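Visitor: need coordinates for the below:
(2 chains, ligands or ions: 2)
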Amino acid sequence: MSEAIALPRVEEEARPRPAVRRVLGLSRDAWPRILMPLIIGIASLGAWETAVRVNEVPPWIVPAPSVIWATLLRDWHTLSVSLWITLQITFAALASAAGLGLLLAILFAQSKWIELSLFPYAVVLQVTPIVAIAPLIIIWVDDVRLALLICAWIVAFFPILSNTTLGLNSADHNLRDLFRLYRASRVQELFLLRLPAAMPLFLAGLRISGGLALIGAIVAEFVAGTGGRSSGLAYRILEAGYQLQIPRMFAALFLICVTGIVIFLVLGFVQHLLLRHWHESAVRREG
Amino acid sequence: MEKRFRNGTLALRGVDLDIGRGDFLSLLGPSGCGKSTLLRILAGLIEPSAGSLDWPMAVHDSRGAAKPKLGFVFQEPTLLPWATALANVALPLRLEGMARSEREHRAATALARVGLAGFETAYPRALSGGMKMRVSIARALVTSPDILLMDEPFAALDEITRFRLNNDLLSIWQEAGFTVVFVTHSVFESVYLSERVVVMAARPGRVVREIAIAAPYPRDEAFRTSAEYAALCRTVSLCLGEAIAA
Ligand SMILES: Nc1ncnc2c1ncn2[C@@H]1O[C@H](COP(=O)(O)OP(=O)(O)OP(=O)(O)O)[C@@H](O)[C@H]1O
Ligand SMILES: [Mg+2]
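Guide: Ligands and ions are numbered 1, 2, ... in the order given. Predicted coordinates:
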């Protein structure tokens, strides 16, 4: 085939970027999303503080936010160590859930038989209440950290597996025909078609699992904590409960909430970065 | 040749077609008459339940299957949404294992041929329907196919874009000299483009008649408004009418 022939060129449109008004480096419509929850949060904290002070509620029933904050600063040393331990378990569980979930989903996509035989067991794992089997796992596995990791993993694993399996099978049929037409190998089809097509669902699963991994880690710590062998945030809550140090309990709870929110936001940001060019969920709509 | 689907639908019966090298052939027929099915059989995507395909000019590929080089244009653009226009066009070459710089060079050339130079880095969602279709055509052309199979490629486009893409397709075809099998349900499009119109009827899908369109190439807007064109369209329409009534 020889070189280009004269065809009418599609006019190259001038594509000016819509001028986004920026306030302090953030686009204008991003501000309400930050400000509104913040205002609600501050207002509720204010109401809480006032209610506690006016009614003179003792701190061992409901501590005021200012007391909780002071406790958080005072006990920061112990709490931060515990936070770090919980974070480690959460992230290790999330990473292994993502890795194994992805691998297993790829395996399922290779053979209907494997999927048919194994998927029900993944469901069994999912519906078994983690509180019920956590004690067993903690007895069976000598290393407490590893036992906690396994518990958190069990909780975090399923959304990734089921979402990715669905995603791998949802590649457009015409595109699959196209790959067959050009005699693509299975590996090529996997990497160039199925995995990218599964990406949005995988990431959505990851976002769900991020929160679940944290919950799994906390629940397992609670169970293990009764044996007194762990020192994650859940253990701090238990300990503070025994000692009636309620403000400290709230401080630990606050840290857990913040961690969960940060995980959610970070994974959302990753999702946006990876999908912004093409997926409907991540593309900013005009007008 | 025959095709019966697993659910018992007889989609094609007694189809016997001779397609010469370099031909421009249109398959014309009402919805559901098996045009897509026939095209998918030609592409090797499904097997006929009886009869066979012969490719005299076929080259034997690495797996020993005798098949010509095919290009396929689907009814929808069928692009990878996560890849740029350039990467989409380069896909068939990538699947062949061609080196990156070489395949990107060829893909850029193919994009320029369909009039999309300058849109290499655009993602499909930033392209109009007609532009996506052009990318899809560029992808089919990039491997320098012997046969180009097109399944109602312009059905979803407006008339102006459609006319322009018709003309573009004709000039690329004349220049490159591959064989085109073009599925359409538009009488006007089939007469304007092809050397031969194969009229099909439904239930069961079969070939009713082949009509030669003798008008010389290059064809242009003057041909579209000529009396000859109108007469040919009438003939084909009548034939199609009979096919539907039958
Ligand atoms: N996978 C399938 N399984 C069973 N029947 C099918 C299948 N694909 C197509 N058919 C049947 O075969 C017949 C021909 O279908 P085909 O898609 O080839 O029609 P077509 O001529 O391309 O129609 P259109 O112009 O609407 O695209 C139809 O009656 C359809 O119901
Ligand atoms: Mg069709």
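Visitor: geometric centre of chain A: which residue is closest?
Guide: Taking C-alpha atoms, centre = their mean, the centroid of chain A lies closest to residue A:210, which sits 2.1 Å from it.
Visitor: ok, and the closest non-adjacent residue to that one?
Guide: residue A:263 (4.3 Å; C-beta to C-beta, 6 or more residues apart in numbering or on different chains). Using the backbone N, CA and C atoms, a C-beta is placed for each residue, glycine as well.
Visitor: that neighbour: how many residues sit nearby?
Guide: Residues lying near residue A:263 (other C-beta atoms under 10 Å in any protein chain shown) number 20.
Visitor: then residue B:45?
Guide: 17.
Visitor: now do residue B:76
Guide: Counted with other C-beta under 10 Å, the neighbours of residue B:76 add up to 18.
Visitor: and if you look at residue B:135?
Guide: Neighbour number of residue B:135 under other C-beta under 10 Å is 26.
Visitor: helices or strands next to the helix or strand containing the residue nearest to the centre of chain A in the packing?
Guide: Element membership of residue A:210 [criterion: DSSP states H and E] is helix A:195-225. The contact analysis (3 or more C-beta pairs under 8 Å, 6 or more residues apart in numbering or on different chains; DSSP states H and E) places helix A:195-225 against helix A:76-110, helix A:130-140, helix A:144-169, helix A:233-242, helix A:246-275.
Visitor: quick one, which of those is nearest to ligand 1?
Guide: helix A:144-169 (17.6 Å; C-beta to the nearest ligand atom).
Visitor: which elements pack onto that closest one?
Guide: Secondary elements touching helix A:144-169 (3+ C-beta pairs under 8 Å, 6+ apart): helix A:76-110, helix A:112-127, helix A:130-140, helix A:195-225.
Visitor: and the last one, how far out from the chain middle?
Guide: Averaged C-alpha coordinates place helix A:195-225 at 5 Å from its chain's average position (C-alpha atoms, centre = their mean, to the nearest Å).
Visitor: specify the angle between that helix and helix A:233-242 in degrees.
Guide: Helix A:195-225 runs at 30 degrees relative to helix A:233-242, counting by axes from the mean of the first three to the mean of the last three C-alpha atoms, to 10 degrees.
Visitor: how much does helix A:195-225 deviate in direction from helix A:144-169?
Guide: 160 degrees.
Visitor: tell me where chain B has strands.
Guide: B:3-4, B:10-12, B:24-28, B:59-60, B:66-67, B:70-73, B:147-151, B:179-184, B:196-201, B:206-212 (DSSP state E).
Visitor: okay, the ones you listed in a markdown table with distance to residue B:140, mean pLDDT and mean neighbour count next?
Guide: What follows is these, written out as a markdown table (distance: least, C-beta to C-beta, whole Å; pLDDT from 0 to 100; neighbours: other C-beta atoms under 10 Å in any protein chain shown):
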| stretch | distance to residue B:140 | mean pLDDT | mean neighbour count |
| --- | --- | --- | --- |
| strand B:3-4 | 23 | 67 | 19 |
| strand B:10-12 | 24 | 76 | 22 |
| strand B:24-28 | 15 | 92 | 25 |
| strand B:59-60 | 18 | 48 | 10 |
| strand B:66-67 | 15 | 58 | 16 |
| strand B:70-73 | 3 | 92 | 25 |
| strand B:147-151 | 6 | 93 | 23 |
| strand B:179-184 | 10 | 93 | 24 |
| strand B:196-201 | 21 | 90 | 22 |
| strand B:206-212 | 25 | 87 | 17 |
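Visitor: pLDDT weak spots in the chain?
Guide: Answering for chain A, as no chain was given. Within chain A, the stretches with pLDDT under 70 are A:1-25, A:226-230, A:284-287.
Visitor: not quite, go with chain B.
Guide: Counting by pLDDT under 70, chain B contains low-confidence ranges at B:1-8, B:55-67, B:246.
Visitor: show me it divided up by domain.
Guide: Domain assignment for chain B, taken from automatic domain parsing, gives B:1-69+B:147-159+B:177-246, B:76-144.
Visitor: closest one to chain A among these?
Guide: Distance to chain A, taken as C-beta to the nearest C-beta, is lowest for domain B:76-144 among the domains of chain B, at 4.3 Å.
Visitor: ends of the closest one, what's the gap?
Guide: End-to-end span of domain B:76-144 (C-alpha to C-alpha, to the nearest Å): 21 Å.
Visitor: pretty sure residue B:188 sits against residue B:233.
Guide: Yes: look at residue B:188 against residue B:233 with C-beta atoms under 8 Å: they come within range, at 5.9 Å.
Visitor: separation between residue A:44 and residue B:95?
Guide: Look at residue A:44 and residue B:95: by C-beta to C-beta, to the nearest Å, they are 57 Å apart.
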